[in-house]
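J.: Requesting a structural model of the entry that follows:
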Amino acid sequence: MLKKEEIRAFLGETCLAMMVISVLSGTIITFHYDYHMPYKTTQFITYAVPFGWFLRRLHYWSSEFFLIFLILHTFWHLYFDYKKHSFFTWLIVTLSVPATLFVMFTGFILKGDLEGLSALLIMKNTLLSIPFFGSYIIPFFINTQDKYYLPFLYHCFIIPLFLLFSTFIHLKRIFSKSLYTLYSCVLCLLVAIFFPLFPSFPPFSTAQALKGPWFFWGIQEAYEFLSPFMAGIVMPFVFFFLLFSLPLLKDEKPIRFIFSVSVFVYCLLSIYFIIVT
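T.: Model prediction:
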């Protein structure tokens, strides 16, 4: 039976190892990527660059594993030891979750395919749905002259630098648990070799149903029942605001119960979205 500290170390070290693999593979891909022609360069990297297909798979799967283990690691802190940390430390840790969700969402956009273009339009319409301030917020996320420029900037530079900053203490000891790191690297390499990426639809093509990234499915289904502002802005904001402020509350049990119910409902929405589409 694994002890709590061993589970915590496994989640943390695996999460960090996946982040390092994702950043390194993404850095190499960036040298071949042109945000002016996202779809063409993505295809060029996959089929023309030596081992480009492997680098894209490695970047994709390491990012997926990083998000999964980051969520598990955050929930571990939520239910066991977040009180051991200062509010600033807790804030940095929890901010890493929406930052990772956003950087992966921008990566989904930067494919430049039909799904990525649709995701970009959904983000634009969701931001425009914000009363009074929507039109002023848009320029911080979408450039009217080159719509892929700002997603590229966030995905390749701004958010990765924040994630590296937020985990720099852990990075100093990432190889202290060499066995966990080795297991993580081997797992990621095997998955990248044997599991291909999902096929992309050209941006000029048509499709009956499009799916966003898996962590977006619950929100995508919520759009059917709620306004874009409620589904895409209010719901995530309230959830993360409560999560950020948890250490400041005297009685955290009701909030943790709300989190548990919210995650359960979100998973049900995601499953329902998979079924109906």
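J.: Only C-alpha atoms from now on, for both contacts and neighbour counts.
T.: Will do.
J.: Averaged pLDDT, stretch 81-91. What do you get?
T.: Mean per-residue pLDDT for stretch 81-91: 75.
J.: And that stretch, end to end?
T.: 14 Å (C-alpha to C-alpha, to the nearest Å).
J.: State the number of residues packed around Phe201.
T.: 17 (other C-alpha atoms under 10 Å).
J.: That one and Leu190: what is the separation?
T.: Taking C-alpha to C-alpha, one finds Phe201 at 26 Å from Leu190.
J.: so what secondary structure elements neighbour the longest helix along the chain?
T.: Across the chain, the longest stretch assigned as helix under DSSP state H is helix 4-30. The contact analysis (3 or more C-alpha pairs under 8 Å, 6 or more residues apart in numbering; DSSP states H and E) places helix 4-30 against helix 52-76, helix 178-194.
J.: Domain map for the protein?
T.: 4-197, 211-277 (automatic domain parsing).
J.: phi, psi of Ala209?
T.: phi -140, psi 130 (degrees, to the nearest 10).
J.: That one and Glu115: what is the separation?
T.: Ala209 is 10 Å from Glu115, by C-alpha to C-alpha.
J.: between these two, who's got more neighbours?
T.: Neighbour tally, Ala209 and Glu115, criterion other C-alpha under 10 Å: the higher count belongs to Glu115, 23 against 7.
J.: helix or strand for that one, which one?
T.: helix 114-128 (DSSP states H and E).
J.: Would you mind finding the most buried of the domains of the chain?
T.: domain 4-197 (a mean of 17; mean count of other C-alpha atoms under 10 Å).
J.: Pull the distance from it to the chain's centre.
T.: Centre-to-centre, domain 4-197 and its host chain are 5 Å apart (C-alpha atoms, centre = their mean, to the nearest Å).
J.: So which residues of the stretch 151-277 of the chain form strands?
T.: Secondary structure of the stretch 151-277 of the chain (DSSP state E, counting those that start in this stretch): no strands located.
J.: Poorly predicted segments of the chain, please.
T.: 1-2, 82, 168-178, 250-251 (pLDDT under 70).
J.: So which residue is dead centre in it?
T.: For the chain, the residue nearest the mean C-alpha position is Leu101 (2.6 Å; C-alpha atoms, centre = their mean).
J.: so how far is Leu70 from that residue?
T.: 10 Å.
J.: do Pro228 as well
T.: From Pro228 across to Leu70, the span is 27 Å (C-alpha to C-alpha).
J.: Ala222 and Ala99, how far apart?
T.: Distance from Ala222 to Ala99, by C-alpha to C-alpha: 21 Å.
J.: Also Tyr149?
T.: For Tyr149 relative to Ala99 (C-alpha to C-alpha), the value is 18 Å.
J.: cool, and Tyr136?
T.: 21 Å.
J.: Can you tell me the element the residue nearest to the centre of the chain falls in?
T.: Using DSSP H and E, Leu101 falls in helix 87-109.
J.: angle of that helix against helix 4-30?
T.: Angle of helix 87-109 versus helix 4-30, following axes from the mean of the first three to the mean of the last three C-alpha atoms, to 10 degrees, is 40 degrees.
J.: Between helix 52-76 and helix 87-109, find me the angle.
T.: 150 degrees.
J.: quick one: contacts of helix 87-109?
T.: 63, 67, 70-71, 74, 82, 115-117, 119-120, 148, 151-152, 154-155, 159-160, 163, 166, 212-213, 215, 243-244, 247-248 (C-alpha atoms under 8 Å, 6 or more residues apart in numbering).
J.: Please tabulate the domains of the chain in CSV, including the columns distance to Ser205.
T.: Formatted as CSV, the domains of the chain follow (distance: least, C-alpha to C-alpha, whole Å):
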stretch, distance to Ser205
domain 4-197, 7
domain 211-277, 15
